[in-house]
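Student: Fold the stuff below for me.
(2 chains)
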Number of protein chains: 2
Amino acid sequence: MTALENLIQTLSRLPGIGPKSASRLAYHLIKTEKRYNQNLSQAIATIQDRIFPCSICGSFTETDPCPVCSDASRDRSLLCVVEEPQDVLTIQSSGAYNGLYHVLGGAISPLDGIGPEQLSFSRLLQRIKEGQFTELIIATNPTEEGDTTALYIRHILKDYKELSITRLASGLPIGGDLEYADRITLARSLRGRVTF
Amino acid sequence: MTALENLIQTLSRLPGIGPKSASRLAYHLIKTEKRYNQNLSQAIATIQDRIFPCSICGSFTETDPCPVCSDASRDRSLLCVVEEPQDVLTIQSSGAYNGLYHVLGGAISPLDGIGPEQLSFSRLLQRIKEGQFTELIIATNPTEEGDTTALYIRHILKDYKELSITRLASGLPIGGDLEYADRITLARSLRGRVTF
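Tutor: Residues are numbered from 1 along each chain as shown, chains lettered A, B, ... in the order given. Sure thing, here's the model as predicted:
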C-alpha cells in the first residue's frame, strides 16, 4: 500500500468521511502548506494526553475541575444531564443556560448492551445528595434510548420531592441528534422546558 | 485556546469540514483507540515527504516514473489530459482506460490569475513530439475553465493532423467536478468520447 492509499484508508475510517471525501482530503493535505500538516498531526497525536474527563461533571477538560464546574458565577441550583461530553459544548454554545452539567457517558440501550450500571447514575445521585440543586434538566437526545434514559432518571429520583425534574421542550426533531440542533432551536427548547 | 478548541479549529480548515463536523471528528479522536490517532498523525506528518509529482505525467507518486508511466502493458498510443493528480486516480478506478496520462496542474482561469504559462502545456507538446500517441483524450472538468482549457489544447495542437483529439462524452453533469462522478458514468463517457 502506498503512502497515499494508506492516508486515504486511514481518513475514511473517520465518522462521516467516505472514500471520496477521504481521497479529496488526502489530495488537499498533499498540496497544503507543510506547517498546517504539522499542526494537524501534532494536534491529533497529543489530544488524548491533554484531554480527560472532569472528575465532577464528566465532560472533557484540560484542568480538573473543568472551567464550567469551577466557574463561581454559574447557577449551582441547576443541573443539566446530557449523554455525551460534546453535548455540553453544544448547550454552552446556545448561550441559554448558566447552570452546571452532568455527563452520563451515553444512554441506556439494552440492544447495544448498555445498562444503567455502565453510565454515571450513582455519581449523579451523589451530586444531588451533596449539592443544592433545585432543578434537574434532562437533555438526553430525543431518541428511544434518550427517552428510556430520561424515564430511568425520573425513576431513580422519585424520592427527591423537592427537586423539580424537567426535560428540554420538543422542537428538536425526533430521531435526530442533539449535537446537530441549531442554536436557536436549542435555546428555544431550553426556555420552553416542561415538567417531566 | 484549549487543546480541544485548537483541534476543532484546525480540522475545520479542511475542505468540506464545517465547525460541527470538525467538533464531531475531534470528539471521535478523543475517544478512539490511541493507535489509530498515532497512525493518522504519522500519515499526515509524512505524506508530503513521501509523495511527489511524477517527472513524466505529473500525477502524485512515491516512485519516479510513477507506476502508470512505467507500466509496459499500457497502451502508449493513448494520452489522457486531466486537470489535477486526483483525476488520474478517478479515471483509473473506472477501469475503462488503459493509456497514459498528462496532468496539467489545473485549468485556465483568467479570473483566478491562472494562464496557460502556469500549466504544463509545454511539457505536453514535448511528450506529443517525442511519443507515439495517435489519440489525445481531453478529460478536463465539464466547467467553463475546463472548456476553455480544452479549446486551448485543440488550438496548440492544430498542426498535429495525424493526432486524433477527443473529449469525454457528455453524461457528466455540467458545472460538476470530475472527482465526484460515479464509475459507471465515467466509464460510459470514456467509451462514448467524441472528436473535439
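
Student: Whether the longest helix anywhere in chain A contacts chain B - can you check?
Tutor: Under DSSP state H, the helix in chain A containing the largest number of residues is helix A:34-50. Yes: judged by Cβ under 8 Å from any Cβ of the partner chain, helix A:34-50 and chain B are in contact via A:34, A:36-48, A:50. The way it works is simple: take the backbone N, C-alpha and C, and place the C-beta from them, glycine included.

Student: Most neighbours among these, please name it.
Tutor: Among the residues of helix A:34-50 next to chain B, the one with the most neighbours (other Cβ atoms under 10 Å in any protein chain shown) is A:Ile44, at 25 neighbours.

Student: Contact partners for that one?
Tutor: B:7, B:29, B:37, B:40-41, B:44 (Cβ atoms under 8 Å, 6 or more residues apart in numbering or on different chains).

Student: In JSON lines: these, plus pLDDT.
Tutor: Supplementary listing: those in JSON lines, determined by pLDDT from 0 to 100:
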{"residue": "B:Leu7", "pLDDT": "96"}
{"residue": "B:Leu29", "pLDDT": "96"}
{"residue": "B:Asn37", "pLDDT": "97"}
{"residue": "B:Leu40", "pLDDT": "97"}
{"residue": "B:Ser41", "pLDDT": "97"}
{"residue": "B:Ile44", "pLDDT": "97"}
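
Student: Can you tell me the closest non-neighbouring residue to A:Leu25?
Tutor: Residue nearest to A:Leu25 in three dimensions, not counting chain neighbours: A:Leu11, with 5.3 Å by Cβ to Cβ, 6 or more residues apart in numbering or on different chains.

Student: pull the helix or strand with minimum mean pLDDT from chain A.
Tutor: Taking mean pLDDT, DSSP states H and E as the measure, the helices and strands of chain A show their lowest mean at strand A:194-195, namely a mean of 70.

Student: residue ranges with poor pLDDT in chain A?
Tutor: Low-confidence regions of chain A, defined by pLDDT under 70, span residues A:170-174, A:188, A:192, A:194.

Student: show me where it has strands.
Tutor: Assigned by DSSP state E, chain A shows strands spanning A:52-53, A:60-61, A:78-82, A:100-103, A:135-138, A:164-167, A:194-195.

Student: For chain B, find the nearest of these.
Tutor: Chain B lies closest to strand A:60-61 among the strands of chain A, at 6.1 Å (Cβ to the nearest Cβ).

Student: Test my guess that the residue nearest to A:Leu25 contacts A:Pro19.
Tutor: No: applying Cβ atoms under 8 Å, one finds A:Leu11 not in contact with A:Pro19, separated by 9.3 Å.
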